[in-house]
Structures are given as C-alpha cells and as structure tokens.
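> build the 3D model from these lines:
(one chain, ligands or ions: 1)
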Amino acid sequence: MGTWQSNEEQVYNAVLAALKAGYRHIDTAACYGNEKPIGDAIKASGIPRNELFITTKLWSTDHTRVALGIAESLKKLDTDYVDLYLMHWPVPLNPNGNHALFPKLADGSRDILQTWDFVKTYNLMQSLVENKQARAIGVSNFTVKNLKTLLEAPTTKIKPVANQVEMHPYLPQPKLLEFCRQNEILIQSYSPLGSTDSPLLEDDVVVKIAGKYGVAPATILTSWAIWRGTVVLPKSVTPTRIESNFKTVKLEDVDGEELNQLHKIRGVLRLVSPDWAPFVVFDSNE
Ligand code: A2P
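The predicted structure follows:
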C-alpha cells in the first residue's frame, strides 16, 4: 500500500485496515511525514516484523548524511531495519538551506547541492546493507540515463534492486520497463490509479475492461501493473477501497495490450512532476 498524501491521522487507520485486509508491504518516505503513525499502526497490529515488508525513502536534503536519514526513519518506524531503502529522487538538496525539506534559493529555484551527486549518495547507502539497517537498497524516479550512470559507476557494488516510478496506463514507459527488466531491477509502480481525482478511473477503456471482469476500475489498474511484472502500490485512506484494492484479477493479454496502447489515444500524462530545474529528472522518450 502506498501512503503518499496520507496524513498522520488518516494513515494510522489506513495501515491497520490494510494489514487486516492482508497487505504486508507498506511503502512510505521520510518526506511524507507519516512514518511515526505507520510505525505505531504496525506495532498495534501485532503482526510479527518478519512477516512485513517496509519500504521508506531517503529525502534529498539527506543525500550527504545518509546515516542520519535512515536513523531518523528507523526511530519513527520503531524498527531496527527496513526491507527496502530507496533514494527518493536523484537530486541532492542543500542540507543547510532555508527549509528542512524544500530549500530554495533567493530566485525561487530549488537549492540543489552542486558539490554532490546521486552516485555518491548511493555509495553511502550501500553501507546500510552491510550494517543491516536496510535489507535491500534501490532508487526512485530514475531514468534509464541515470540508472546507467549509477550502474556504471566504479563505486556501485550493490545493484539497486528496485526503481520506484510513476506508472499507469497514461504513463507506461515501456523503454524504462524493458531496461529495468534486462538489468533485473524491479519496477515499483507508484500512483498506479492515477493519483488524486484520477481521470484513469473514469476512462472508457478502463471502465469497459472492469465491466468484463466484473470488478472496479481500480482493480483493473492494479491488475495491469501486475500483468506487466511490476510491484504495485495503490494508495488509499478509505477502508473499503483499501480492502477492494487488495483483490486483483489475472488480465488476459488482449486487455493488458489494450491498456498498454491507451496513452497513444489519450496522450501521455505525468501526474507527479515537481520542478527540479536545472536538474533533468524525467525523459519523455521513455
Ligand atoms: P482515498 O485515499 O481518499 O481513498 P494512487 O494510488 O494512484 O496514488 O491513487 C490514490 C488516489 O485514488 C487517492 O485519491 C485515493 O483516495 C483514490 N483511490 C484509491 N483507491 C480507490 C478506488 N478503489 N476507487 C476510487 N478511488 C480510489
């Protein structure tokens, strides 16, 4: 279950509902500001830690101080380790800027740390596997170009196991998916339903396929993500939706292919696109 935009009050009950429904993989991030209630809900559920898969993410102002970033996350989550630790964005931000999370320069642009890069950050992250604070490490919001830079760096000894990116039928990114497949990097699809007020849930093709299987449109979107071999992280704070999102169907190839082609009719739509200028984060050719 994804937890971006689930606030502190909502997320506690959402995680409890998810664990009750059978979810075992909870995805959060330092930047979401909800690790503490997630940790509390996990404790309250009584489910043994080793039956859970917890992912959190290193925020950009912590790229130069990875040890501190993970220590704070582990404390809030009230656990000794995370199953997966991801670099949230490939862009390091000034840790001593004018804001703890989103420092900006006087001209309003993001205060990017020019003396650092994501290869150095990842190098620091590798020690978290050695000291057992993270079972596995990976990245998020990485393009093929940035993945190649990371994989080819002499300091990269542990391959990133996952790349968590926005992925849904309006943003299928076949080239990125194929590159990750070839390199045995698992894609984790975030915003798989199309995020808040999603146009995808009302798309005629999605609704038509949902009718064929007798399920909700959201189920078709999560099932498509699985059909493509990706991990899917639907977010909800609504218990009935949390429960229904846990059920998926095995899509027939003809339906998966139709959804693969949908962006060609509707146009490509990237919903999560913060301004990281001058750093180029996304590649529209993927
Ligand atoms: P809410 O959290 O209020 O239940 P995504 O996973 O793509 O980020 O999408 C999350 C958005 O989709 C949230 O606004 C969430 O609302 C909504 N949502 C989650 N599950 C469903 C569902 N089964 N049907 C309709 N909307 C849903």
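> pull the contacting residues for residue 112.
91-94, 276, 278-279 (CB atoms under 8 Å, 6 or more residues apart in numbering). The way it works is simple: take the backbone N, C-alpha and C, and place the C-beta from them, glycine included.
> ok, of the residues you listed, which one's closest to the ligand?
If you rank the contacts of residue 112 by distance to the ligand using CB to the nearest ligand atom, residue 276 comes first, at 20.1 Å.
> that older thread, got TSV for the contacts of residue 112, with distance to the ligand and neighbour count too?
Output for the contacts of residue 112, formatted as TSV (distance: CB to the nearest ligand atom, whole Å; neighbours: other CB atoms under 10 Å):
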residue	distance to the ligand	neighbour count
91	22	22
92	26	22
93	24	24
94	29	21
276	20	18
278	28	7
279	24	15
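> hmm, which two among these are most spread apart?
Farthest-apart pair in the contacts of residue 112 is 94 and 278; separation 14.5 Å (CB to CB).
> the one residue in the stretch 51-200 of the chain that gets nearest to the ligand: neighbouring residues, count only.
As assessed by CB to the nearest ligand atom, the ligand sits closest to residue 193 within the stretch 51-200 of the chain, at 3.4 Å. The number of residues packed near residue 193 is 26, by other CB atoms under 10 Å.
> report the contact partners of it.
Going by CB under 8 Å, 6+ apart, residue 193 touches 168, 200-201, 218, 221-222, 234-235.
> keep these, but drop any that are not near the ligand.
201, 218, 234-235 (CB under 6 Å from any ligand atom).
> assumed residue 163 was part of a helix.
No - assessed with DSSP: H, G, I helix; E, B strand; the rest coil, residue 163 is strand; it does not lie in a helix.
> can you pull up the bridge partners for it?
For residue 163, the beta-bridge partners are residue 139, residue 187 (DSSP bridges).
> same question, residue 110
In beta-bridge terms (that is, DSSP bridges), residue 110 pairs with residue 104.
> can you tell me how far residue 204 sits from the ligand?
Residue 204 is 16 Å from the ligand, where distance means CB to the nearest ligand atom, to the nearest Å.
> did I read that right, the residue of the stretch 51-200 of the chain closest to the ligand in a strand?
No - Residue 193 is assigned coil when assessed by three-state DSSP, not a strand.
> let me know the pLDDT of it.
pLDDT recorded at residue 193 is 97.
> cool, residue 222 as well?
For residue 222, the predicted pLDDT is 98.
> how much space separates the residue of the chain most remote from its centre from residue 97?
Using CA atoms, centre = their mean, the residue of the chain lying farthest from its centre is residue 106. It sits 30.6 Å away. Distance from residue 106 to residue 97, counting by CB to CB, to the nearest Å: 11 Å.
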